[in-house]
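Colleague: A structural model of the following input is requested.
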Amino acid sequence: MTSLADIRKSYERAELDESASHADPLQQFQQWLDEAMQSQLPEPTAMTLATVSSDLRPSTRVVLLKGCDARGLVWFTNYDSRKGQELAGNPCAALQFHWVELERVVRIEGRVEKVADHESDAYYRSRPLDSRIGAWASPQSQVIPSRTVLVTNAAKYGAQFLLQPPRPPHWGGYRLVPDRWEFWQGRKSRLHDRLRYRRDGARDESSAWVRERLAP
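Modeller: As a prediction, the model looks like this:
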């Protein structure tokens, strides 16, 4: 059996230089996201979401990016889930993308807010019918005795709503409004490139971005 301590990989695919990076982190992110999608990576929009509970216990899970613009990064979920409850108590969170094949990581930190109802409604209507029913059927993060609960709930709500299930009141979107970005490009000899962007002004969304290099 191979020892975990002996596993090695040399990162030599690309580099990230200040002169070649965008001054705006959103543009840099969109470029990298486009390249990840064009490379046909598995689940290029998958991102790890980290939240913190009221007792300061951190937790992570993977969600899918469903929107990205100057306002922030959007995903959709059950508001009553563990992450929803933790965000209600502490609206600060962090996101991370790891595109293994491109030897890249993007980290984003900021405050989180719910998206407008009309945005959640529009995305909900765009989902496959089974997924819309699933939003009703799953009491996300709650203990259930068996999978039978989910199957039974799905059948019940499917019969109730037929082809037009409304968006559940406990389900919708969140938007993380970034105040810090970090772009990591793997490099040889573990001398990785790390560029951080932060607001030049405490959480002032109108202030300029400061770009700076971090030691790996």
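
Colleague: Can you pull the phi and psi angles for residue 60?
Modeller: When read as degrees, to the nearest 10, the backbone of residue 60 gives phi -130, psi 160.

Colleague: Grab the nearest non-local neighbour of it.
Modeller: Ranked by CB to CB, 6 or more residues apart in numbering and with sequence neighbours excluded, the top spatial neighbour of residue 60 is residue 50, at 4.8 Å. The C-beta positions use only the backbone N, C-alpha and C, and glycine is treated the same way.

Colleague: What residues are bridge-paired with that neighbour?
Modeller: Beta bridges link residue 50 to residue 60, residue 94, judged by DSSP bridges.

Colleague: isn't it right up against residue 59?
Modeller: Yes - Residue 50 is in contact with residue 59 according to CB atoms under 8 Å; the separation is 7.2 Å.

Colleague: neighbour count winner among the two?
Modeller: Higher neighbour count among residue 50 and residue 59: residue 50, with 17 against 12, using other CB atoms under 10 Å.

Colleague: can you pull the contacts of the more buried one?
Modeller: When contacts are counted by CB atoms under 8 Å, 6 or more residues apart in numbering, residue 50 touches 58, 59, 60, 93, 94, 95, 96.

Colleague: Dihedrals phi and psi, the closest residue to residue 69 other than its chain neighbours?
Modeller: In space, and not counting its chain neighbours, residue 69 is closest to residue 26: 7.8 Å by CB to CB, 6+ apart. Here is the backbone geometry of residue 26 (degrees, to the nearest 10): phi -60, psi -40.

Colleague: pretty sure residue 26 is touching residue 70, no?
Modeller: Yes - between residue 26 and residue 70 there is a contact at 6.4 Å, judged by CB under 8 Å.

Colleague: which one of those two has more residues nearby?
Modeller: Taking neighbours as other CB under 10 Å, residue 26 and residue 70 compare with residue 26 leading, 18 against 8.

Colleague: The residue nearest the centre of the chain sits in which helix or strand?
Modeller: Central residue of the chain (CA atoms, centre = their mean): residue 47, 3.9 Å from the mean position. According to DSSP states H and E, residue 47 maps onto strand 46-52.

Colleague: That concludes my questions; thank you for your assistance.
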